[in-house]
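Enquirer: Please work out how this folds:
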Amino acid sequence: MKKFFQAHPIFYISIAVILCVYLSGIFISGVQPVYLWTDRLVYLLVFAIALFVSYAAGREHLRDPWRQVVQHKIGMISLIILLVYVMIGFTDSIHFKLPVENSQSQSQTKYSGEVLSLLDVLVEPIKTQEEKTYSAPFATHLFAKETIEHDDGSRTREYPRLIFGGIHLENPYEDKLTDIVLNVLKGILAGAVLWVMFCVLCFAIVAFKRKIPFGHAVEEVVHGNPTIPWRLILLTVGVFCILVGICVFLAAKYHILGTDKVGQDVFYQSLKSIRTGLVIGTLTTLIMLPFAVLLGIMAGYLKGWIDDVIQYVYTTLNSIPGVLLIAAAVLMMQVYMSNHPEMFESTAERADTRLFFLCMILGVTSWTGLCRMLRGETLKLSEVDYVQAAQAFGVSKMSIIWRHIQPNVMHIVLIAVVLDFSGLVLAEAVLSYVGVGVDPTMNSWGNMINGARLEMAREPIVWWSLFAAFIFMFTLVLAANLFSDAVRDAFDPRIRKQ
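Expert: Down below sits the predicted model:
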């Protein structure tokens, strides 16, 4: 065990990062940390992933499939996209309250009732730049005409100028296109500089790990490495760096995805919705796995009345329409929260509690499919020679399950987890659209689609809220599906033999 942890320090590094985040209130003066329920589960998930990476890195039978995943070009592109989403979601999971100004007679520091996240601080310009109502992407005027009264008392119907979008332009109709192109060029330059810094860091890591000169490391990466597709990785990261640079320069001066009915920036809403989608997809899986793995293996190996009881439970649960069960549970929780408002100090805590409860309900109702697959696989494995030999030698049932059954069904678990992730992200959008998903005050793609439902009936159509939610959700789900294909190809024994 000592050798295991010394050989793979990523486990300790992850623990240090989580502890620093969790104890941030001690190190950062003047800020009151807020730990929501879903935040704690996110930290637990990061800890579990670090533990799994350390466990897999020390075992060749797990290292070899992951090498194939790394060599899969489309899988690596998808993994980079997922990591970008995860970074945004993790920064949005670090919550705190800022202090408010106190009078001289008050010695105790008071904090604001608004719960902010680290992402809110990083994107503060687009968070605070709120307009009056709808405005199109890159617009300098409102989307609808209003009656404007002039100094001479006359009234005209015009498109009013925005408060923040393009306000730096003296003549927006003539200067807007030139200004946008100039900011795009600045963003490309800043992204290229950031990309070069990342490339230098990668070259240094390769040189240090392989103990070769820096120039040889550059040559190895540029000419291609059969073990790791460095050129493809660097190209994908370069595209993201340029996109980030462009968005930073444009979002500070324009609403690049427009504004909604209350004037809030749609690009900010899309970024904030990433955490909700990731929490639904990952934490629901974390809740589902113990039920599916434990009950599925027990039903397949122990058989008898235990198998009958477990089959009866998941068959009964499958016979209940999932949407009705989720709707009933969420509505009961909503009534309870409405009757006990004193339990929640802020709106964010109330919305987070509903999100946490929704993850629990989805986890309880979505474990049956994986449980059925694991039961069938365990029934097959219980008849193989090495399991029969272990039974003949008097090995206990729990030891057989732990040593022989569980390792041989993990490829099914990994494949099912990655495949179910995209389905759960889409489920959140559907549930929020019908009104039984996350809290209406929480940013989510489902709430954005629900809000855009009436906007599509306007003339002209307000299309950008629906378009933004579609693009962000489509990118995440597509990346998750492509990455799941790479994981399936690497871990499925039948495909690996072929």
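
Enquirer: and Gly451, what is it in contact with?
Expert: Residues in contact with Gly451 (C-beta atoms under 8 Å, 6 or more residues apart in numbering) are 260-261, 465. The C-beta positions use only the backbone N, C-alpha and C, and glycine is treated the same way.

Enquirer: can you give me the strands in the chain?
Expert: In the chain, the strands defined using DSSP state E lie at 32-34, 95-97, 116-117, 146-149, 155-158.

Enquirer: which of those has the lowest average pLDDT?
Expert: Lowest mean pLDDT within the strands of the chain: strand 146-149, at a mean of 76.

Enquirer: Just the CA coordinates for it, please, in CSV.
Expert: Only the C-alpha atoms of strand 146-149 are listed here, as CSV (Å, rounded to 0.1, in the frame of the first residue of the first chain):
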residue,chain,number,x,y,z
GLU,A,146,-40.4,51.6,-27.5
THR,A,147,-41.9,55.0,-27.3
ILE,A,148,-39.1,57.5,-26.6
GLU,A,149,-39.9,61.0,-25.5
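
Enquirer: Run me through the strand neighbours of that strand, direction for each.
Expert: strand 155-158 (antiparallel) (DSSP bridges).

Enquirer: For the closest residue to Leu286 other than its chain neighbours, give its distance to Val181.
Expert: Leaving out its chain neighbours, the residue that sits closest to Leu286 by C-beta to C-beta, 6 or more residues apart in numbering is Leu45, at 5.9 Å. Plainly put, Leu45 is 42 Å away from Val181 if you go by C-beta to C-beta, to the nearest Å.

Enquirer: Repeat that for Trp464.
Expert: 21 Å.

Enquirer: who has more neighbours, the two?
Expert: With neighbours defined as other C-beta atoms under 10 Å, Trp464 and Val181 compare such that Trp464 has more, 24 against 10.

Enquirer: I figured the more buried one hits Pro137, correct?
Expert: Yes. At 5.5 Å, Trp464 and Pro137 qualify as touching, with contact defined as C-beta atoms under 8 Å.

Enquirer: between the two, what contacts are shared?
Expert: 257-258.

Enquirer: Gln129 against Gln264, yeah?
Expert: No. Applying C-beta under 8 Å, one finds Gln129 not in contact with Gln264, separated by 9.2 Å.

Enquirer: Which one of these two is surrounded by more residues?
Expert: Gln129 (22 against 18).

Enquirer: so how far is Val266 from that one?
Expert: From Gln129 to Val266 the distance is 12 Å (C-beta to C-beta).

Enquirer: got it, and Gly165?
Expert: Relative to Val266, Gly165 is positioned 12 Å away (criterion: C-beta to C-beta).

Enquirer: what's the answer for Ala48, then?
Expert: Relative to Val266, and taking C-beta to C-beta, Ala48 is found at 34 Å.

Enquirer: Comparing those two, which residue is more hemmed in?
Expert: Val266 (25 against 13).

Enquirer: show me what contacts the more buried one?
Expert: The contact partners of Val266, by C-beta under 8 Å, 6+ apart, come to 255, 257-260, 448, 464-465, 468.

Enquirer: So for it, what's the nearest residue that isn't a sequence neighbour?
Expert: Distances taken as C-beta to C-beta, 6+ apart put Leu257 closest to Val266, at 4.1 Å, once the chain neighbours are dropped.

Enquirer: Mind pulling the model confidence for the one you found?
Expert: At Leu257, pLDDT is 89.

Enquirer: cool, the one 4 residues further on as well?
Expert: Listed pLDDT for Lys261 reads 85.

Enquirer: Same check on Arg496?
Expert: If you check Arg496, the pLDDT there is 58.

Enquirer: What about the nearest residue to Leu234 once chain neighbours are set aside, how many residues nearby?
Expert: Spatial nearest neighbour of Leu234, excluding adjacent residues (C-beta to C-beta, 6+ apart): Cys199 at 5.8 Å. Other residues within reach of Cys199, judged by other C-beta under 10 Å, total 18.

Enquirer: again, but for Leu82
Expert: Count around Leu82 with other C-beta under 10 Å applied: 19.

Enquirer: swap in Ser270?
Expert: Ser270 has 20 nearby residues by other C-beta under 10 Å.

Enquirer: I'd assumed Ala469 was in contact with it.
Expert: Yes. Between Ser270 and Ala469 a contact is recorded at 6.7 Å, counting by C-beta under 8 Å.

Enquirer: shared neighbours of those two, anything?
Expert: 445, 448.

Enquirer: Give me the common contacts of Gly165 and Val266.
Expert: With C-beta under 8 Å, 6+ apart as the test, Gly165 and Val266 both reach 255, 259.

Enquirer: sorry, back to before: Gly281 is in contact with the residue nearest to Leu286, correct?
Expert: No. Using C-beta under 8 Å, Leu45 is not in contact with Gly281; the gap is 10.8 Å.

Enquirer: neighbour-wise, which of these two wins?
Expert: When neighbours are counted by other C-beta under 10 Å, Gly281 comes out ahead of the other of Leu45 and Gly281, with 26 against 17.

Enquirer: Quick one: the helices in the stretch 301-450 of the chain, in order.
Expert: 304-319, 322-339, 347-365, 368-381, 385-392, 397-400, 406-433, 445-455 (DSSP state H, counting those that start in this stretch).

Enquirer: so can I have CSV of these showing distance to Leu294 and mean pLDDT?
Expert: Below are the helices of the stretch 301-450 of the chain laid out as CSV (distance: least, C-beta to C-beta, whole Å; pLDDT from 0 to 100):
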stretch, distance to Leu294, mean pLDDT
helix 304-319, 10, 86
helix 322-339, 21, 80
helix 347-365, 14, 84
helix 368-381, 9, 86
helix 385-392, 18, 83
helix 397-400, 12, 83
helix 406-433, 10, 79
helix 445-455, 31, 82
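
Enquirer: looking at these, which is closest to Glu158?
Expert: helix 445-455 (22.1 Å; C-beta to C-beta).

Enquirer: Name the residues of the closest one that come out as buried.
Expert: 445-452, 455 (16 or more other C-beta atoms under 10 Å).

Enquirer: now the angle from it to helix 406-433?
Expert: Interaxial angle, helix 445-455 versus helix 406-433 (axes from the mean of the first three to the mean of the last three C-alpha atoms, to 10 degrees): 30 degrees.

Enquirer: mind showing which ranges of the protein have poor pLDDT?
Expert: For the chain, applying pLDDT under 70 flags the ranges 1-30, 101-109, 224-226, 492-498.

Enquirer: biggest helix in it, by residue count?
Expert: Assignment by DSSP state H gives helix 172-210 as the longest helix of the chain.

Enquirer: Summarise which helices and strands that helix is packed against.
Expert: If you count contacts as 3 or more C-beta pairs under 8 Å, 6 or more residues apart in numbering; DSSP states H and E, helix 172-210 packs onto helix 214-222, helix 230-251.

Enquirer: List of residues touching stretch 208-227?
Expert: If you take C-beta under 8 Å, 6+ apart as the criterion, stretch 208-227 is touched by 67, 70-71, 202-204, 206-207, 230-231, 234.

Enquirer: Tell me which residues of it come out buried.
Expert: Neighbour counts over stretch 208-227 (16+ other C-beta under 10 Å) mark 217-218, 220-221 as buried.

Enquirer: cool, and stretch 344-358?
Expert: Within stretch 344-358, the residues that count as buried by 16+ other C-beta under 10 Å are 346, 348-358.

Enquirer: and what of stretch 46-60?
Expert: Buried residues in stretch 46-60, counting neighbours by 16+ other C-beta under 10 Å, are found at 46, 50, 53-54, 57.
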